[in-house]
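Visitor: Mind folding the following:
(one chain, ligands or ions: 1)
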Amino acid sequence: KDNKTWSGRFNEPVSELVQRYTASVGFDHKLAEYDIQGSLAHARMLAATGNISAADLAAIEKGMAQIRDEIEKGVFDWQLEREDVHLNIEQRLTALVGDAGKKLHTARSRNDQVATDIRLYLRAAIDDIIGLIRALQHALLDLAEQHADTIMPGFTHLQVAQPIAFGHHLLAYQEMLQRDTQRLQDCRKRVNQLPLGAAALAGTSYPIDRASVARELGFDGICRNSLDAVSDRDFAIEFCACAALLMTHLSRLSEELILWMSPAFGFIQLADRFCTGSSIMPQKKNPDVPELVRGKTGRINGHLVALLTLMKSQPLAYNKDNQEDKEPLFDTVDTLRDTLRIYADMLTGLHVNQAAMRQAALRGYATATDLADYLVKKGVPFRDAHEIVAQAVRFAENKRCDLSDLSLAELHQFSNVIETDVFQVLTLEGSLQSRDHPGGTAPRQVRLAISQAREALGSR
Ligand code: ARG
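Guide: Predicted coordinates for the structure are as follows:
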């Protein structure tokens, strides 16, 4: 016997392959808790508006409590023949409480039901992810504070540019993560609108109260147009775009961790628990975790493109295409959660080789700009100063020494305005300290930025 809810008008059952092809219960069972919350709010509204009786509502509530329990205990019998999470739960409800279960779908369609479920799911996911970003930011700020005075070479074109504080470098990521949070907070506003009441696409002829359902489910408001409510998934796409940016930021940091851990840099070591060895080369310790963060950024970007492509040719209103929105969305959420958790832990266990960072800063004539600025302050036009320092760098390079190793007599070959006070300017510390304005790398500013960031972030 074909027990499909909608099989009444069909002459033949669907084949086993079609059944498997069209079913979504294998993945959308993840929405079960939100499906139940939505159904309960809908049922309460139906009772309050006189569409079902108080006794029906009581039966629905009782049945749903048991279903929730069965799902939690892992004994709920998910059936492929029942297609998706919605019909599985509804049919189980009817099996448990009889006719009241059959009344639940009054004034509702799976189209507004599934849109509601996804929005509830995504809202919770966003709140969770924002919390995880905050935890990561705290780990980042702790590390930055330990290294407000640790000097490393700053790079442009991956060539040594100017000395910076390692803490300052880390704070750049703090800013990116802060914007990621803001983007998610903004996205949440558009996620948090109630589709229920749109029914299949046109609304419903029953007297309903959408505002009360919205209130009960914690939505900020209702979707204003019934076709839009059931058909668009832009809120999910927007979330995936936020996720892609967040992962891109973490991927960049991962790339740096990988580089810095290479013996060619030797700036950091990751704790062993984030690395693996090689099955052939005994000496290897590979930075697998950051490599996978970088790699998983590819799939997150892919999910964004998948959803955009899913949406681009759909005529209004609902189309079954939309069933394909779930796996990319779920995987995006799961990947972000795992990545953020692992990252906070990884930063806490980071070992920094300050001597190697310092050596690298000394090797690359990182204070050449400081020398040019020194000459400018002594009255030399900047372009001339630039040329003078270029000559001095060439000289030092031939001598295989740093600018600060040149004697005053040697420096005088290039400019006679240079005096002994130049040696303070040529030190790494002097270079950092001189960049003492908001946003600059002076350790004083780094500490200030950390305390401001902590304040903005609130307590852990
Ligand atoms: N499983 C479906 C989905 O994910 C639920 C909505 C089905 N609606 C329909 N008219 N077939 O989109």
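
Visitor: Nearest to the ligand: which residue in the stretch 201-350 of the chain?
Guide: Per Cβ to the nearest ligand atom, the residue of the stretch 201-350 of the chain with the smallest distance to the ligand is residue 323, at 3.6 Å. C-betas here are computed from N, CA, C, even on glycine.

Visitor: So that residue is in contact with residue 26, correct?
Guide: No. The criterion here is Cβ atoms under 8 Å, and residue 323 misses it with residue 26 at 11.3 Å.

Visitor: Between those two, point out the one with more neighbours.
Guide: More neighbours surround residue 323 than the other of residue 323 and residue 26, with 18 against 13 (other Cβ atoms under 10 Å).

Visitor: Can you tell me the SS state at the more buried one?
Guide: helix (DSSP: H, G, I helix; E, B strand; the rest coil).

Visitor: Where does pLDDT dip in the stretch 1-150 of the chain?
Guide: Applying pLDDT under 70 to the stretch 1-150 of the chain flags residues 1-3.

Visitor: Show me which residues of it sit near the ligand.
Guide: Residues of the stretch 1-150 of the chain lying close to the ligand (Cβ under 6 Å from any ligand atom) are 24, 28, 84, 110, 111, 114.

Visitor: which residue packs closest to the residue of the stretch 201-350 of the chain closest to the ligand, ignoring adjacent ones?
Guide: Nearest residue to residue 323, sequence neighbours excluded (Cβ to Cβ, 6 or more residues apart in numbering): residue 24, at 5.0 Å.

Visitor: Now do the contacts for the one you found.
Guide: 83, 84, 85, 323, 326 (Cβ atoms under 8 Å, 6 or more residues apart in numbering).

Visitor: So residue 111 is in contact with residue 233, correct?
Guide: No. Using Cβ under 8 Å as the test, residue 111 is too far from residue 233 to be in contact (12.0 Å).

Visitor: quick revisit: check what pLDDT the residue of the stretch 201-350 of the chain closest to the ligand gets.
Guide: For residue 323, the model assigns a pLDDT of 98.

Visitor: Show the contacting residues for the closest residue to residue 301 other than its chain neighbours.
Guide: Spatial nearest neighbour of residue 301, excluding adjacent residues (Cβ to Cβ, 6+ apart): residue 244 at 5.1 Å. By Cβ under 8 Å, 6+ apart, the contact list for residue 244 reads 297, 300, 301, 304.

Visitor: What residues sit buried inside the helix or strand containing the third one?
Guide: For residue 301, the enclosing helix or strand under DSSP states H and E is helix 288-311. Of the residues in helix 288-311, those scored as buried under the neighbour-count criterion (16 or more other Cβ atoms under 10 Å) are 289-294, 296-297, 300-301, 303-304, 306-307, 310-311.

Visitor: Give me the buried subset of the contacts of residue 24.
Guide: For the contacts of residue 24, buried by 16+ other Cβ under 10 Å: 83, 84, 85, 323, 326.

Visitor: how about a markdown table for those, with distance to residue 94 added?
Guide: Shown next, in a markdown table, are these (distance: Cβ to Cβ, whole Å):
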| residue | distance to residue 94 |
| --- | --- |
| 83 | 15 |
| 84 | 16 |
| 85 | 15 |
| 323 | 23 |
| 326 | 25 |
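
Visitor: which residues of the stretch 151-300 of the chain fall in helices?
Guide: Secondary structure of the stretch 151-300 of the chain, counting by DSSP state H, counting those that start in this stretch: helices at 166-191, 210-217, 226-231, 234-261, 288-311.

Visitor: Now render these as a markdown table, adding mean pLDDT and distance to the ligand.
Guide: Listed next are the helices of the stretch 151-300 of the chain as a markdown table, based on pLDDT from 0 to 100; distance: least, Cβ to the nearest ligand atom, whole Å:
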| stretch | mean pLDDT | distance to the ligand |
| --- | --- | --- |
| helix 166-191 | 98 | 17 |
| helix 210-217 | 98 | 18 |
| helix 226-231 | 98 | 9 |
| helix 234-261 | 98 | 12 |
| helix 288-311 | 98 | 11 |
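
Visitor: and residue 358, how far is that from residue 156?
Guide: 19 Å (Cβ to Cβ, to the nearest Å).

Visitor: okay, those two: which has more neighbours?
Guide: Neighbour count, other Cβ under 10 Å: between residue 358 and residue 156, residue 358 has more, with 16 against 8.

Visitor: Report pLDDT for the more buried one.
Guide: 96.

Visitor: okay, the angle between the helix or strand residue 361 falls within and helix 234-261?
Guide: Using DSSP H and E, residue 361 sits in helix 354-363. Using axes from the mean of the first three to the mean of the last three Cα atoms, to 10 degrees, the direction of helix 354-363 lies 80 degrees away from that of helix 234-261.

Visitor: Which residues does helix 354-363 contact?
Guide: 147, 150-153, 160, 163, 166, 265-267, 402, 428.

Visitor: Try it again at 7 Å.
Guide: By Cβ atoms under 7 Å, 6 or more residues apart in numbering, the residues outside helix 354-363 that reach it are 150, 151, 152, 153, 160, 163, 166, 266, 267, 402, 428.

Visitor: quick one on the thing from earlier: mind checking how far the helix holding residue 301 is from the chain centre?
Guide: Chain-centre distance of helix 288-311: 11 Å, with Cα atoms, centre = their mean, to the nearest Å.

Visitor: same deal with stretch 173-190?
Guide: 9 Å.

Visitor: Now do the buried residues in that stretch.
Guide: 173, 174, 176, 177, 178, 180, 181, 183, 184, 187, 188.

Visitor: For residue 319, which of the helices of the stretch 151-300 of the chain is the nearest?
Guide: helix 226-231 (7.5 Å; Cβ to Cβ).

Visitor: Extract the CA atoms of that closest one and return them as PDB.
Guide: Below are the C-alpha coordinates for helix 226-231, written out as PDB (Å, rounded to 0.1, in the frame of the first residue of the first chain):
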ATOM      1  CA  SER A 226       3.700  35.100   0.200                       C
ATOM      2  CA  LEU A 227       5.500  34.200  -3.100                       C
ATOM      3  CA  ASP A 228       8.700  35.700  -1.900                       C
ATOM      4  CA  ALA A 229       8.300  33.900   1.500                       C
ATOM      5  CA  VAL A 230       8.300  30.400  -0.100                       C
ATOM      6  CA  SER A 231      10.600  30.900  -3.000                       C
END
